[in-house]
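Engineer: Quick one: sequence plus predicted model below, questions after.
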Amino acid sequence: MRRKILITLSYLLLFALALTFIYPFLWMVSATFKPEVEIQSANLIPSQVSLKSYQAVFEKIPIGRAFLNSVFVSTCVTILVLVFSSVVGYALAHLRFRGREIIFSVMLFTMMIPFQVTLIPMYVLMVKLGWVNTYMALIVPAMISVFGIFLFRQFYKSIPTDLIEAARLDGCHELYIIFRIIWPNTIPALVTVGILTFMNIWNDVLWPIIVIRDPELMTMPQMVALFAAGGRAEAQMGTILASATMLALPVVIMYLFFQRHFIESMATSGMKG
Amino acid sequence: MNREEKYGWLLVSPYVGFFLLISAFPIIFSFILVFMRWNMLSPMKFIGLQNFVTLFQDPLFWKALSNTLLFLAIHIPLQIVLALIISALLNNPSLFGKSFFRGAFFLPVVISGVVVTILWKQLYSTETGLLNNLLLSMGFGKVPWLTSPKIAMPAIAIMATWKNLGLYVVILLAGLQNIPRSLYEAASIDGANKITQFFRITLPMVNPTLIMVIILSTIGGFSLFIEPYIMTGGGPLNSTLSANLYIYQQAFSFYKMGYAATLGFTMAGIIFAVVALQRKFFEREI
């Protein structure tokens, strides 16, 4: 009897907690479809569905352009990270060369450096290279991920050396071995690194705020953040919430499909979005 | 040079180039900037340790540092306690709907901090916010969540806990699942109750995971930026000015590059010190 009560209680507690995590998002989405006067209500069902908030977003900020910018930058970075990290990870896992251990320790060291140290000089570097207000500033500094290299190295170590030796004897080029033999056999590694990279770049906001000033080149989080931070938020709550909903949507859709991948890869890597 | 040697270097060369440009150069340049006065327009001027003198006498730096430490002092304990409770509840093999709960707690983790902040800015709104409406309907008064200098930073810390909790629940859950069931069975036979078991078995066994959670949330906490940037702009009365927001302002509103680099270096030193202290106090030999 006592056990049953405890189990019921833990279910109730979990449900109440889960509700505090889901309800605000549901409320936000529902608020974007409400007429402006109803937004403050805690109700989830609008009395009538209105698309005014979304209309207003498109009128006030170039959100479509920002969306395309974000898609372009996140996709480029994800592809580059997958290519470069797997190449470097492969070399560290399967090629013996002098200096390999030094490179590995250097990577460990750079991972420990807080970004506060490199933020200012990175901006100066972008200015000197003439990359401020260009896609280069958003793509190049993100195109190699030390975390990705580590993860690929770890995965590739479990691939038998015999397989690679055999491919070499058949005259395969190292790049052929990576992209045609190893990649098809390590899809989970690609999915993990791909998802985390895409999500991190999609959500990143501090770096774009620093290097992009031209509204035509702004990414979506930057555009939405500037819209929400400036101006009178109370007066156009529905519009701001609509822009936030649009910003969240792509990652939420990915999350619904790849939930297990998201959770497991972030739990093992300890990496934060 | 043999074939492997050649290809080894060839294949890691993208990283080497990247390292020189994106890691080595900025670190060295940052270290040089610490001794300089520079607004990016006129030439750099060597001023020795003047930046550090300025920093020690800068009330806003101390304000930003203490704000950030206040944030951590609320955020980390709250996070650890809640994450422990939730992961312990989820660590029940016969729990029905575990992946639903896990998925729900994890949702804010994957969503942009910009979205979460915008959402909570509405929830916290004094006049029209959902939280105050809820409090009113329960017979309490309104709370000036973001407009009172005393409450604004704790309010941001609560929001940050809500945003990140799911990640730490999942990490701790993985740690809990590694504890052998036999330990609990043996303890039950010896007559230890659930609470004793929690403090004598669970806590010591998840200690390494707990340390990782503490360190990760400390480093994450020190990078607090977009939340006050959107919610409060650092106000009211600089009560939510975080260290990173201050660095950002010094560099990109006032173009004091040397001073901003000094702030960055100092914050990095403080992060290392805090993490070292945490390890010293919380790490246990099993």
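Structural biologist: Now that the structure is in, tell me what you want to look at. Since the structure is predicted, the reported quantities are computational estimates derived from the model, not experimental observations. Numbers count the residues shown, from 1 in each chain, chains lettered A, B, ... in the order given.
Engineer: what helices or strands is whatever helix or strand B:F100 lives in leaning on?
Structural biologist: Element membership of B:F100 [criterion: DSSP states H and E] is helix B:98-110. On a contact count with 3 or more Cβ pairs under 8 Å, 6 or more residues apart in numbering or on different chains; DSSP states H and E, helix B:98-110 meets helix A:2-32, helix A:237-269, helix B:59-90, helix B:152-177. C-beta coordinates here come from the backbone N, C-alpha and C atoms, glycine included.
Engineer: In it, which residues are buried?
Structural biologist: B:98, B:101-110 (16 or more other Cβ atoms under 10 Å in any protein chain shown).
Engineer: Save the residues you listed as a markdown table, and put in pLDDT too.
Structural biologist: Shown next, in a markdown table, are the buried residues of helix B:98-110 (pLDDT from 0 to 100):
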| residue | pLDDT |
| --- | --- |
| B:K98 | 86 |
| B:F101 | 92 |
| B:R102 | 90 |
| B:G103 | 90 |
| B:A104 | 93 |
| B:F105 | 94 |
| B:F106 | 93 |
| B:L107 | 94 |
| B:P108 | 95 |
| B:V109 | 93 |
| B:V110 | 92 |
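Engineer: Can you name the residues in contact with the helix or strand hosting A:F150?
Structural biologist: Per DSSP H and E: A:F150 is located in helix A:146-157. Here helix A:146-157 makes contact (Cβ atoms under 8 Å, 6 or more residues apart in numbering or on different chains) with A:81-82, A:85-86, A:88-90, A:92-94, A:107, A:110-111, A:182, A:186, A:188-189, A:192-193, A:196-197, A:269, A:271, B:15.
Engineer: now do stretch A:203-219
Structural biologist: Under the criterion Cβ under 8 Å, 6+ apart, residues A:61-62, A:65-66, A:69-70, A:73, A:119, A:123, A:126, A:131-135, A:137-138, A:141-142, A:221-223, A:225-226, A:251, A:273, B:111-114, B:225-226, B:244, B:248, B:252 lie in contact with stretch A:203-219.
Engineer: how far off helix A:2-32 does the helix holding B:F100 point, in degrees?
Structural biologist: When axes from the mean of the first three to the mean of the last three Cα atoms, to 10 degrees is applied, the directions of helix B:98-110 and helix A:2-32 differ by 40 degrees.
Engineer: Tell me how far the helix or strand just after helix B:98-110 lies from the chain's centre.
Structural biologist: Going down the chain from helix B:98-110, the next helix or strand is helix B:113-124, by DSSP H and E. Distance of helix B:113-124 from its chain centroid, counting by Cα atoms, centre = their mean, to the nearest Å, is 17 Å.
Engineer: and helix B:113-124, average pLDDT?
Structural biologist: Averaged across helix B:113-124, the pLDDT comes to 93.
Engineer: and the gap between the residue of chain B found nearest chain A and B:G17?
Structural biologist: In chain B, the residue that lies nearest chain A is B:G8 (2.9 Å; Cβ to the nearest Cβ). Counting by Cβ to Cβ, to the nearest Å, the gap from B:G8 to B:G17 is 15 Å.
Engineer: For B:L130, which residues are in contact?
Structural biologist: A:24, A:27, A:40, A:42, B:122-123.
Engineer: meant to ask about B:I74, not that
Structural biologist: So B:I74 contacts B:153-154, B:157-158 (Cβ under 8 Å, 6+ apart).
Engineer: Against B:V115, how distant is it?
Structural biologist: On the measure of Cβ to Cβ, B:I74 and B:V115 end up 22 Å apart.
Engineer: What of A:L249?
Structural biologist: According to Cβ to Cβ, A:L249 and B:V115 sit 10 Å apart.
Engineer: for A:T219, same thing?
Structural biologist: From A:T219 to B:V115 the distance is 14 Å (Cβ to Cβ).
Engineer: One more: A:M28?
Structural biologist: In terms of Cβ to Cβ, A:M28 sits 8 Å off from B:V115.
Engineer: As JSON lines, the buried residues of helix B:98-110 with distance to A:K52 would be great.
Structural biologist: As requested, the buried residues of helix B:98-110 are exported to JSON lines (distance: Cβ to Cβ, whole Å):
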{"residue": "B:K98", "distance to A:K52": "40"}
{"residue": "B:F101", "distance to A:K52": "36"}
{"residue": "B:R102", "distance to A:K52": "36"}
{"residue": "B:G103", "distance to A:K52": "32"}
{"residue": "B:A104", "distance to A:K52": "30"}
{"residue": "B:F105", "distance to A:K52": "33"}
{"residue": "B:F106", "distance to A:K52": "32"}
{"residue": "B:L107", "distance to A:K52": "27"}
{"residue": "B:P108", "distance to A:K52": "27"}
{"residue": "B:V109", "distance to A:K52": "31"}
{"residue": "B:V110", "distance to A:K52": "29"}
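Engineer: With respect to B:K280, which of the residues you listed is nearest?
Structural biologist: The closest of those to B:K280 turns out to be B:V109 (Cβ to Cβ; 29.0 Å).
Engineer: From what I see, the closest one and B:L167 are in contact.
Structural biologist: Yes - under the criterion of Cβ atoms under 8 Å, B:V109 makes contact with B:L167 at 4.7 Å.
Engineer: So between A:L249 and B:V115, which is more surrounded?
Structural biologist: B:V115 (28 against 14; other Cβ atoms under 10 Å in any protein chain shown).
Engineer: re earlier: which of B:G8 and B:G17 has more neighbours?
Structural biologist: B:G8 (24 against 11).
Engineer: element containing that one?
Structural biologist: helix B:3-18.
Engineer: Same question for that helix: list its buried residues.
Structural biologist: B:7-9, B:11-12, B:14-15, B:18.
Engineer: Next, show the common contact partners of A:M28 and B:V115.
Structural biologist: A:244-245.
Engineer: and stretch A:149-159, which residues are buried?
Structural biologist: Neighbour count says stretch A:149-159 has A:149-153, A:155-156, A:159 buried, by 16+ other Cβ under 10 Å.
Engineer: For that stretch, what is the distance to the chain centroid?
Structural biologist: With Cα atoms, centre = their mean, you get 21 Å for stretch A:149-159.
Engineer: quick revisit: looking at the contacts of B:I74, which two lie furthest apart in space?
Structural biologist: Checking those with Cβ to Cβ, the most distant pair is B:M153 and B:I158, at 9.9 Å.
Engineer: Of these two, which one has the most company?
Structural biologist: Remark: of B:M153 and B:I158, B:M153 carries more neighbours, 25 against 16, as counted by other Cβ under 10 Å.
Engineer: pLDDT score assigned to the more buried one?
Structural biologist: 96.
Engineer: thinking again about what came up before, would you mind checking the contacts of stretch A:203-219 for buried ones?
Structural biologist: Buried, going by 16+ other Cβ under 10 Å: A:61, A:66, A:69-70, A:73, A:119, A:123, A:126, A:131-132, A:134, A:137-138, A:141-142, A:221-223, A:225-226, A:251, A:273, B:111-114, B:225-226, B:244, B:248, B:252, out of the contacts of stretch A:203-219.
Engineer: Among those, which lie within strands?
Structural biologist: Using DSSP state E, no member of these falls within strands.
Engineer: Give me the subset of those that lies in helices.
Structural biologist: Members of the buried ones among the contacts of stretch A:203-219 lying in helices (criterion: DSSP state H): A:66, A:69-70, A:73, A:119, A:123, A:126, A:137-138, A:221-223, A:225-226, A:251, B:113-114, B:226, B:244, B:248, B:252.
Engineer: My read is that A:T197 contacts A:V81, right?
Structural biologist: Yes - counting by Cβ under 8 Å, A:T197 touches A:V81, with 4.7 Å between them.
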